[in-house]
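Undergrad: Fold the stuff below for me.
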Amino acid sequence: MQGETSQHEVSEGRIKAIRKMAFSFPVEQGAHWNPTQPEFSQIVNAASLAMPYLEPYLIRTMAKVRPHIDDPALVAELNKYIAQETTHYRQHKTFNDTIAACGYTSVAPFEDVLKRDYAGFGEKRSLMFNLAYAEGFESMALAIGHMLVEDRAHLFGGADPAVSSLILWHFVEEIEHKDAAFDVFHAAGGGYFRRIFGLAFATVHIMARTGQGYRALLKEDGLWRNWRSRWRLAKSLGRIFRKLTPKIIRILSPTYHPSKVADPDWVKAWWALYGDTPAVMGEQLGRLDTSRLHEPAPALVAA
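TA: Numbering: from 1, shown residues only. So this is what the prediction gives:
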């Protein structure tokens, strides 16, 4: 975690590192960081706007349940999960500030809505509700992570290296800490039906807010009433949900456990690349070569 935990302080468990990453988001580039897919750019931007509110909410929820977890190994994994989520929302906040600096007036009021949502959940809902939401989000994030990695060449090919690297890094770590929220939820007494409720609630809530966000951004772009843009948006969403739906359905099984979902080879190669030279890879993996995302391992922009 930036400025808090070094890789060498993390020794056991599935989560191997709290990584120090470096990204650069120039305002001059604008919000359409994938110039051939402005609609997908705004879908991702809208989701990113939620992270500085969603991920601190997850962290607060996990911190509340921590005193009730008896397993020291699970507590250690929970602490590393919190550290990774902290790095995520800080990097997204920097990126989101760049989006706002591009002149989008809808960003601030949208962020206010998200802030109220997650403050309300934390203050008015039970700890078990919030744990179910956290587990539901993490299960969905694992599915989204697999979808993004599987379709990375189409979604990020030729796009800005920094934003593409930010999103892929985030989900590489979502895949890495896939067990944490599930195991904490069950250790706290959660069961199947509450888990499915949490998945359904979190999925509907996040997707509804993301939809509001990208509609507002596309309206400011002057694209919302452009039929060609709406057709591209429909094709993009159709492709995403076609690939994502089977991965969501498998979560519904009573025997589901995230550990049964095999890690993608590209993700394992990303972890190995960072682990070989973490002192320099935090910056270099912040600039993936997006013209080579079809390759089986991450390729870096030449220095």
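Undergrad: how far is stretch 110-124 from where the chain is centred?
TA: Its chain's C-alpha centre and that of stretch 110-124 lie 18 Å apart, by CA atoms, centre = their mean, to the nearest Å.
Undergrad: With stretch 93-110 instead?
TA: 18 Å.
Undergrad: in the stretch 1-150 of the chain, which spans are helices?
TA: 38-65, 72-101, 107-124, 127-150 (DSSP state H, counting those that start in this stretch).
Undergrad: List the buried residues in the first one.
TA: The one in question is helix 38-65. 38-62, 65 (16 or more other CB atoms under 10 Å). For every residue, glycine as well, the C-beta is placed using N, CA and C.
Undergrad: and it, what does it pack onto?
TA: When contacts are defined as 3 or more CB pairs under 8 Å, 6 or more residues apart in numbering; DSSP states H and E, helix 38-65 packs onto helix 72-101, helix 107-124, helix 127-150, helix 161-176, helix 180-187, helix 192-221, helix 227-249.
Undergrad: In the helix or strand of the chain with the lowest mean pLDDT, which of the residues would be classed as buried?
TA: Scoring the helices and strands of the chain by mean pLDDT, DSSP states H and E places helix 278-284 at the bottom, with a mean of 89. Across helix 278-284, burial judged by 16+ other CB under 10 Å covers 278, 281, 282, 284.
Undergrad: tell me the phi and psi of residue 300?
TA: Torsion angles at residue 300 (phi, psi; degrees, to the nearest 10) stand at phi -100, psi 150.
Undergrad: For the closest residue to it other than its chain neighbours, give its distance to residue 19.
TA: Excluding the flanking residues, the one nearest residue 300 by CB to CB, 6 or more residues apart in numbering is residue 284, at 4.9 Å. Using CB to CB, to the nearest Å, residue 284 is found at 12 Å from residue 19.
Undergrad: what residues does stretch 184-199 touch?
TA: 62, 65, 68-71, 74, 78, 127-129, 131-136, 139-140, 248, 251-252, 254 (CB atoms under 8 Å, 6 or more residues apart in numbering).
Undergrad: change it to 7 Å
TA: Contacting residues not belonging to stretch 184-199 are listed as 62, 65, 68-69, 71, 74, 78, 128, 131-133, 135-136, 139-140, 251-252, 254 [CB atoms under 7 Å, 6 or more residues apart in numbering].
Undergrad: among those, which ones are buried?
TA: 62, 65, 69, 74, 78, 128, 131-133, 135-136, 139-140, 251.
Undergrad: Going by distance to residue 85, which of those wins?
TA: residue 62 (8.3 Å; CB to CB).
Undergrad: For that closest one, give me the pLDDT.
TA: Note on residue 62: pLDDT of 98.
Undergrad: got the contact list for it?
TA: Taking CB under 7 Å, 6+ apart as the test, what residue 62 contacts is 78, 81, 82, 134, 184.
Undergrad: Residue 244 now?
TA: Contacts of residue 244 (CB under 7 Å, 6+ apart): 143, 144, 147.
Undergrad: And the residues you listed, which is closest to residue 220?
TA: Among the contacts of residue 244, and counting by CB to CB, the member closest to residue 220 is residue 144, at 25.1 Å.
Undergrad: residues contacting that closest one?
TA: Taking CB under 7 Å, 6+ apart, one finds 171, 244 in contact with residue 144.
Undergrad: Tell me the confidence at it?
TA: At residue 144, pLDDT is 98.
Undergrad: Same check on residue 4?
TA: 35.
Undergrad: what's next to stretch 93-105, contact-wise?
TA: With CB under 7 Å, 6+ apart, stretch 93-105 has contacts from 25, 27, 30-31, 45, 48-49, 52, 107-108, 163, 166, 217, 220.
Undergrad: Could you measure from residue 26 over to residue 105?
TA: Distance from residue 26 to residue 105, by CB to CB: 21 Å.
Undergrad: that older thread, can you tell me which of the contacts of residue 62 lies closest to residue 291?
TA: Looking across the contacts of residue 62 and measuring by CB to CB, the closest to residue 291 is residue 81, at 33.3 Å.
Undergrad: Quick one: neighbours of that closest one, just the number.
TA: Using other CB atoms under 10 Å, residue 81 has 27 neighbouring residues.
Undergrad: OK, contacts around the closest residue in space to it that isn't next to it in sequence?
TA: The shortest distance from residue 81 to any non-neighbouring residue, by CB to CB, 6+ apart, is to residue 180 (3.9 Å). Contact analysis of residue 180 by CB under 7 Å, 6+ apart lists 77, 78, 81.
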